[in-house]
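> Sequence first, then the predicted structure, then my questions.
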Amino acid sequence: MRAFWDARQLAHAPALELHNGAFVPFGEAPVRAEAILAALGPVEAAADHGEAPLRAVHSSGYLAFLRAAHADWRAAGREGDASGYAWPVTRRRPLALDRIDARLGAYSFDASSPIAAGTWEAAYWSAQSALSALGAVLGGARAAFALCRPPGHHAGRDYLGGYCYLNSAAIAAEAGVAAGRRRIAILDVDYHHGNGTQDIFYARGDVLFVSLHADPVLDYPFFWGHADERGEGEGEGATLNLPLPRGADLKAYLPALDIALGRIAAFAPDLLVLSYGADTFAGDPISYFRLETADYAIVARRIASLGVPSVIVMEGGYAVDALGANAASFLEGFG
Ligand code: SP5
Ligand code: ZN
């Protein structure tokens, strides 16, 4: 399978994140990408599709913020990585955001996604990798893989969070629409609910969002991904959340996957964007499903049996020692 990537994606390397009340080493480290690269065959350089596809998903205010945030932070005399500490919560209305701290609060939903010097560049090229994989699929490939890192599915139209800054899967899906695909399905199989992707397409009837994830009653991102979130307006019924209990192994996973695939087949999409997270792995340090390396080939084969041209976008997965083997198993199974 063709795979896309750009070395500038390594430029995002925050030092620390806030975790359970303490600062700990940042979990979404560049070594994740290196582990996947080491396990794949040859990978192609992503092509630059420019900023227009990013603007089709993210607000111009958010993009301007993200691009300048670290420089603004330094200009304010700060050291290290930029991170918010005050959030508007019940006061989300247009205000003059004169302070970098106000912008960080307004455009973030958590405090574990710092902005480092290389964050914009890395997130930009992560999105370009997804667009390049889309290009391969639009050109006739049955499937293509984007080694997206940083990941994207927690990022919304105007917010970052969950290690995500630009929503590469959403950007690829929207670019698919711009290229003439009329019905797009997004299947998100990361351990965590893809709240950003869901938000972006919540009122859209032409983009189906289906997600299998840990029940947000217990797991991040808590405020999205519950089974009663089904879309709104023209998008009513075009969001399907299938939360699973902690401890889910392949046997518990496959029936939910079949429900997801049945819904996608009924939608009859002409493009599938797959948000693949390997944090469903039994050995993942921050997650609680029980999938094994060989299971990813089984899951992928089942998804591929839809027969829909597919853009596979990398999301999470933090068991670095097994990450390459897990991603390789998935891509091998997809065929
Ligand atoms: C894309 C993705 O999988 N994002 C997951 C974000 C989860 N954030 C909440 C859990 C944070 C755990 N931090 C552990 C740090 C260990 N060094
Ligand atoms: Zn995840």
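Nice, I can see it. Ligands and ions are numbered 1, 2, ... in the order given.

> all contacts plus neighbour counts: C-alpha atoms, from now on.
Fine.

> Name the nearest residue to residue 62, sequence neighbours excluded.
Leaving aside its sequence neighbours, residue 62 sits nearest to residue 158 (Cα to Cα, 6 or more residues apart in numbering; 5.1 Å).

> Enumerate every residue touching that neighbour.
By Cα atoms under 8 Å, 6 or more residues apart in numbering, the contact list for residue 158 reads 58-59, 61-63, 107.

> Name the SS class of residue 299, please.
helix (DSSP: H, G, I helix; E, B strand; the rest coil).

> And the pLDDT at the residue nearest to residue 202 when sequence neighbours are not counted?
Counting by Cα to Cα, 6+ apart, residue 202 lies nearest to residue 231, which is 4.9 Å off, once chain neighbours are set aside. Each residue has a pLDDT score; the one for residue 231 is 98.

> Kindly report the same for the one 5 residues further on.
At residue 236, the predicted lDDT confidence score is 98.

> same deal with residue 89?
On the pLDDT scale, residue 89 gets 85.

> now the helices for the stretch 1-150 of the chain?
31-39, 52-55, 60-75, 100-106, 119-138 (DSSP state H, counting those that start in this stretch).

> export the ones you listed to JSON lines and tack on mean neighbour count and mean pLDDT?
Converted to JSON lines, the helices of the stretch 1-150 of the chain look like this (neighbours: other Cα atoms under 10 Å; pLDDT from 0 to 100):
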{"stretch": "helix 31-39", "mean neighbour count": "18", "mean pLDDT": "98"}
{"stretch": "helix 52-55", "mean neighbour count": "18", "mean pLDDT": "98"}
{"stretch": "helix 60-75", "mean neighbour count": "18", "mean pLDDT": "98"}
{"stretch": "helix 100-106", "mean neighbour count": "22", "mean pLDDT": "96"}
{"stretch": "helix 119-138", "mean neighbour count": "27", "mean pLDDT": "99"}
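
> out of those helices, which comes closest to residue 244?
helix 31-39 (25.5 Å; Cα to Cα).

> What is that closest one packed up against?
Contacts defined by 3 or more Cα pairs under 8 Å, 6 or more residues apart in numbering; DSSP states H and E place helix 31-39 against helix 320-334.

> touching ligand 1 at all, the helix it packs on?
No: Helix 320-334 does not reach ligand 1 (Cα under 6 Å from any ligand atom); its nearest approach is 11.6 Å.

> Next, the angle helix 31-39 makes with that helix.
50 degrees (axes from the mean of the first three to the mean of the last three Cα atoms, to 10 degrees).

> Can you give me the neighbour number for the residue of the stretch 51-200 of the chain found nearest ligand 1?
Using Cα to the nearest ligand atom, residue 162 is the residue of the stretch 51-200 of the chain that sits closest to ligand 1, at 3.8 Å. If you count neighbours by other Cα atoms under 10 Å, residue 162 ends up with 25.

> Residue 240 belongs to a strand?
Yes: with three-state DSSP as the criterion, residue 240 is located in a strand.

> Just grab the bridge partners of it for me.
residue 210 (DSSP bridges).

> Much appreciated, bye for now.
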